[in-house]
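Enquirer: Make a model of this:
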Amino acid sequence: MFEKLFKLKEHGTTAKTEIMAGITTFMTMAYILAVNPSILSEAGMDSTAVLLATAIASFLATACMAFMANLPFVLSAGMGLNAYMAYTVVIGMGYSWQIALLAVFVEGIIFIVLSLTNVREAIFNAIPLTLKRGVSVGIGLFIAFIGLQNAGLAVDASTLVTITSFTENFTTHGICAILALVGLIITAVLHIRNVKGSILIGIVATWVLGIICQLVGIYVPTPDAGFYSIIPTSFVSADFSALGKTVGQCFNIDFGAIKLIDFVVVVFAFLFVDVFDTLGTLIGVATKADMLDEEGHLPGIKPALLADAIGTTAGAVLGTSTITTFVESASGVSSGGRTGLTAIVAGILFLLSTLFAPLFTAIPSFATAPALIMVGFLMVSSVTEIRFDDDNLTEAIPAYIAIIAMPLFYSISEGISLGIISYVLLNVFTGKAKKVKPLMYVLAVLFVLKYIFL
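Expert: Purely as a prediction, here's the structure:
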């Protein structure tokens, strides 16, 4: 059955590998089930309802990705977009969360139209292959940086960021950072020894070590400081009534309270970030998985983009922020995932998480951090495919700019923006304007306008 649905042999994979990859991807993404409700509850939304909406929308969007595109990419509520909705649209602009969800819904509809009219596919194909490789490397650094932060290893400082003090607050910050480092070593050793599922095993091993540390008193839960028990207190919850607090609420609004210009800006902001975060993720993960053809195109990208758009629209109706393709999909790809079977396994786990939410959300961030750091390493390896000789500087320099911009500006879309702008400018001013595709000029102008007006 799996072979017929997902063409496993054609993609050089097996059902066992795909299932393991799907579980791995889910484990590295499970944090969203805790983080998204926490962020959107700041906007006044019910946290349990958001968790249920996030899990169900993730399943629907990922199922579309699996069966429509047969790609190993998993979708959920995008980080950054949820913060924009809560802190900028609701708290900053004063809109209700219902109106914010309406903006997400409108964005989703626009996405569907763009996907059906090949606009997003054309954008993907217009980006040169070297820049795509640079995006892959940049995403790798970005993922690693997120992992370092989740581990508590990278912290704020007068130098913007520095390594944490292991001895200060040892029973909370310190031990979590140490456990993350131990988990990274475990994961790396398993990977070097070619152990299948090394990333997933690393997550579980780190979590188990954390539980042992809590049991013997080395790790001390301190809720006031944001450190909670990592031992699940319950495993099953079948109460879905809370979902009624958000389902369909994007239409239950006072349209007279909407300021048209502000609303259009909000929709465009959601649209802009989602388009290029999604494209960046697809480029980066597909490049790492060697899924691009000789011209740097991703076969099946149109249904992949459409799945993303459908997920966003469904998510808004259910009651969660923009659904997008997750960069953590790279963890499953790195574990051998190559088809939609990887995606549907992760999607089913998202659906099951509505029953086992207490268990899944008990996974601490320091346990998933080693996976993110290791995936970052695997994606950074694509840098060897970028030619830095004098004949290719107009492509290599934009790739370099995209690479450094993503982690330093904490945004995939900013890396793409600056990479495209610099690519166009360098080629125009060095007499190579003819090699630039027309759509790249359009994108560069739009990016410049974004920095001016948004």
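
Enquirer: Check which helices and strands the host helix or strand of residue 330 sits against.
Expert: Secondary structure from DSSP states H and E places residue 330 in helix 329-334. Other helices and strands packing on helix 329-334, by 3 or more Cβ pairs under 8 Å, 6 or more residues apart in numbering; DSSP states H and E, are helix 15-29, helix 129-150, helix 260-288, helix 340-352, helix 365-380. Every C-beta, even on glycine, is put in place using the N, C-alpha and C of the backbone.

Enquirer: measure the residue lying closest to residue 29 once chain neighbours are set aside to residue 214 for me?
Expert: Using Cβ to Cβ, 6 or more residues apart in numbering and skipping the chain neighbours, the partner closest in space to residue 29 is residue 328 (4.8 Å). Separation of residue 328 from residue 214 (Cβ to Cβ, to the nearest Å): 25 Å.

Enquirer: Relative to residue 122, how far out is residue 310?
Expert: Separation of residue 310 from residue 122 (Cβ to Cβ): 20 Å.

Enquirer: more crowded one of the two?
Expert: residue 310 (24 against 13; other Cβ atoms under 10 Å).

Enquirer: Using PDB, write out every CA atom in the helix or strand where that one lies.
Expert: Following DSSP H and E, one finds residue 310 within helix 301-318. What follows is helix 301-318, C-alpha atoms only, in PDB (Å, rounded to 0.1, in the frame of the first residue of the first chain):
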ATOM      1  CA  ILE A 301       6.400  22.400  -5.900                       C
ATOM      2  CA  LYS A 302       3.000  23.600  -7.100                       C
ATOM      3  CA  PRO A 303       1.000  21.100  -5.000                       C
ATOM      4  CA  ALA A 304       3.400  21.700  -2.100                       C
ATOM      5  CA  LEU A 305       2.700  25.400  -2.200                       C
ATOM      6  CA  LEU A 306      -1.100  24.700  -2.500                       C
ATOM      7  CA  ALA A 307      -0.900  22.400   0.500                       C
ATOM      8  CA  ASP A 308       0.700  25.300   2.500                       C
ATOM      9  CA  ALA A 309      -2.100  27.700   1.400                       C
ATOM     10  CA  ILE A 310      -4.800  25.300   2.300                       C
ATOM     11  CA  GLY A 311      -3.300  24.800   5.700                       C
ATOM     12  CA  THR A 312      -3.200  28.500   6.400                       C
ATOM     13  CA  THR A 313      -6.900  28.900   5.400                       C
ATOM     14  CA  ALA A 314      -8.000  25.900   7.500                       C
ATOM     15  CA  GLY A 315      -5.900  27.000  10.400                       C
ATOM     16  CA  ALA A 316      -7.500  30.400  10.500                       C
ATOM     17  CA  VAL A 317     -11.000  28.800  10.600                       C
ATOM     18  CA  LEU A 318     -10.000  26.400  13.300                       C
END
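
Enquirer: helices and strands around that helix, which ones?
Expert: helix 47-64, strand 75-77, helix 97-116, helix 119-126, helix 260-288, strand 323-325.

Enquirer: tell me which strands and helices the first one is in contact with?
Expert: Contacts defined by 3+ Cβ pairs under 8 Å, 6+ apart place helix 47-64 against helix 32-41, strand 75-77, helix 301-318, strand 323-325, helix 340-352.

Enquirer: what's next to the first one, contact-wise?
Expert: Counting by Cβ atoms under 8 Å, 6 or more residues apart in numbering, helix 32-41 makes contact with 45, 47-48, 50-51, 54-55, 58, 76-77, 79, 82-83, 85-86, 97, 320-321, 326, 350, 353, 357, 360-361, all of which sit outside it.

Enquirer: Measure how that helix sits relative to helix 340-352, angle-wise.
Expert: In terms of direction (axes from the mean of the first three to the mean of the last three Cα atoms, to 10 degrees), helix 32-41 departs from helix 340-352 by 60 degrees.

Enquirer: re earlier: just the buried residues of the contacts of helix 32-41.
Expert: With neighbours counted by 16 or more other Cβ atoms under 10 Å, the contacts of helix 32-41 contain buried members at 45, 47-48, 50-51, 54-55, 58, 76-77, 79, 82-83, 85-86, 97, 320-321, 326, 350, 353, 357, 360-361.

Enquirer: I'd like to know how far the most centrally placed residue in the chain sits from residue 286.
Expert: Residue closest to the average C-alpha location in the chain (Cα atoms, centre = their mean): residue 326, at 2.9 Å. Here residue 326 is placed at a distance of 14 Å from residue 286 (Cβ to Cβ).

Enquirer: Likewise for residue 24?
Expert: For residue 24, the distance to residue 286 - Cβ to Cβ - is 18 Å.

Enquirer: The two: who's more crowded?
Expert: Using other Cβ under 10 Å, the more surrounded residue of residue 24 and residue 286 is residue 24, with 30 against 27.

Enquirer: Just confirm the more buried one contacts residue 198, I think it does.
Expert: No: counting by Cβ atoms under 8 Å, residue 24 sits too far from residue 198 to count as a contact (9.0 Å).

Enquirer: what is in contact with these two at once?
Expert: Common neighbours of residue 24 and residue 198 are listed as residue 335 (criterion: Cβ under 8 Å, 6+ apart).

Enquirer: rewinding a little: residue 165: which of the helices and strands packed on helix 329-334 is closest?
Expert: Closest to residue 165 of those is helix 129-150 (Cβ to Cβ; 14.7 Å).

Enquirer: what separates that closest one from the chain centre, distance-wise?
Expert: How far helix 129-150 lies from its chain's middle: 11 Å, per Cα atoms, centre = their mean, to the nearest Å.

Enquirer: Which strands and helices lie in contact with the first helix or strand past it going along the chain?
Expert: Using DSSP H and E, the next helix or strand after helix 129-150 towards the C-terminus is strand 154-155. Here strand 154-155 touches helix 129-150, strand 162-163, going by 3+ Cβ pairs under 8 Å, 6+ apart.

Enquirer: mind checking which of those is nearest residue 408?
Expert: Of all these, it is helix 129-150 that lies closest to residue 408, at 8.7 Å by Cβ to Cβ.

Enquirer: and the closest one with helix 15-29, angle?
Expert: Using the same axes, to 10 degrees, one finds that helix 129-150 and helix 15-29 are set 60 degrees apart in direction.

Enquirer: when you compare where helix 129-150 runs with where helix 365-380 runs, what's the angle?
Expert: Using the same axes, to 10 degrees: helix 129-150 against helix 365-380 is 160 degrees.
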